[in-house]
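Asks: predicted coordinates and the sequence they were generated for:
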Amino acid sequence: MPGVDLADTWKSGNEVDFSGSDTVTKWYRFDVNGNSNQKVVVHTFKSGNKVLRNYTMLYDKTKKAALWSAFAMNKGSYPHNYSRADNWNYDPALDKSWQPNLSSSYGGGYERGHQVASNDRRTTIYQMYQTDYYSNMTPQLSAFNAGDQTEWDELEGKIQTLGYATSGSDTLYVVTGALFDDGFKTDATDANNKACPVPTRYYKCVLLVHFENNKAQSAQGGAYLVEHKANATIQTMKIDDLETETGFDFFTNIESSVQTSAENKFVNLL
């Protein structure tokens, strides 16, 4: 989707306002055709006099998790202003029965792993708070998620560095997702002792797009796939190959010629 502003046409979805003293944030929820267990949710926030998209996700009730989450980075529109401040809470866009209660960490030895990291969204405190919704969490092993020495954490850091350096007419688009392959485990539990499926693999794909006159002129990027385990090695691949692996078609709103060219070649921007 060219640009980063939230267009008025999104208001066709169900929405609710939850306002603070100096901000207005909204969510927009859309049904997924043919699947009553899934919803597409868009979270927004106010920055200055603009309402901007924070992130979009495809949430799955049966997995108690987002199958993918997507957002844009540009230091002009999304500057890095705030330090991390946790604010764990249910996602107002989804019924509580769809979400795990994560007022504390998962049981079974798993941590609350952000799909959209807090460090990705630091323009306003309210933008950051939305990353602590329970809908944005999956159960992750500490040896996979925590600390600067894990491959996943290092990958997140490199994407953040690139995203906060992206400026002008360029925008970095990021998708993070969880895979539940055959044989996935359900030995994580929430604060109510309800079982939570544990992802078998995670992925990220990034696309750096150059715009002129609000039209994509060129793009490049790649995908990164990793098993959910200690000492995991990240596999790099073309975005096309990740789409085949996941069954999702990413970046569909980018001009087709630009999208096709970028997704057919892996370029390591990190």
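Replies: Received, thanks. Numbering: from 1, shown residues only.
Asks: give me the pLDDT value at the closest residue to Phe184 other than its chain neighbours.
Replies: Using Cβ to Cβ, 6 or more residues apart in numbering and skipping residues adjacent in sequence, the residue nearest Phe184 is Thr200, 5.0 Å away. C-beta coordinates here come from the backbone N, C-alpha and C atoms, glycine included. For Thr200, the pLDDT comes out at 97.
Asks: one more: Glu227?
Replies: Per-residue confidence (pLDDT) for Glu227: 96.
Asks: go on, Pro92?
Replies: We have a pLDDT of 88 for Pro92.
Asks: ok, now how distant is it from Tyr203?
Replies: With the distance defined as Cβ to Cβ, to the nearest Å, Pro92 ends up 27 Å from Tyr203.
Asks: between these two, who's got more neighbours?
Replies: Taking neighbours as other Cβ atoms under 10 Å, Pro92 and Tyr203 compare with Tyr203 leading, 22 against 19.
Asks: what helix or strand is the more buried one on?
Replies: Element membership of Tyr203 [criterion: DSSP states H and E] is strand 201-212.
Asks: quick one: list the elements packing against that strand.
Replies: In this structure, strand 201-212 makes packing contacts with helix 151-165, strand 170-179, strand 215-227, helix 239-246, helix 256-263, judged by 3 or more Cβ pairs under 8 Å, 6 or more residues apart in numbering; DSSP states H and E.
Asks: hang on, the earlier thing: residues in contact with the residue nearest to Phe184?
Replies: Contact analysis of Thr200 by Cβ atoms under 8 Å, 6 or more residues apart in numbering lists 179-181, 183-184, 227-228.
Asks: per-residue pLDDT, the residue nearest the centre of the chain?
Replies: With distances taken as Cα atoms, centre = their mean, Ser69 lies nearest the centre of the chain, 2.9 Å away. Reported pLDDT at Ser69 in the predicted model: 96.
Asks: same question, Lys158
Replies: On the pLDDT scale, Lys158 is placed at 96.
Asks: spatially nearest residue to it (excluding sequence neighbours)?
Replies: Nearest to Lys158 is Leu270, by Cβ to Cβ, 6+ apart, at 4.0 Å.
Asks: touching, that neighbour and Gln160? I think so.
Replies: No - with contact defined as Cβ atoms under 8 Å, Leu270 and Gln160 do not form a contacting pair (10.2 Å).
Asks: please name the bridge partners of Gln38.
Replies: Asp60 (DSSP bridges).
Asks: so what's it up against?
Replies: Contacts for Gln38 (Cβ under 8 Å, 6+ apart) come out as 32, 58-61, 67.
Asks: for Asn231, give its distance to Ile254.
Replies: Distance, Asn231 to Ile254, by Cβ to Cβ: 35 Å.
Asks: the more surrounded of these two?
Replies: Ile254 (21 against 10).
Asks: now Ala143: which helix or strand?
Replies: Per DSSP H and E: helix 142-145 holds Ala143.
Asks: do Leu58 as well
Replies: Leu58 is part of strand 50-60 when elements are defined by DSSP H and E.
Asks: how about that strand: buried residues?
Replies: Across strand 50-60, burial judged by 16 or more other Cβ atoms under 10 Å covers 51-60.
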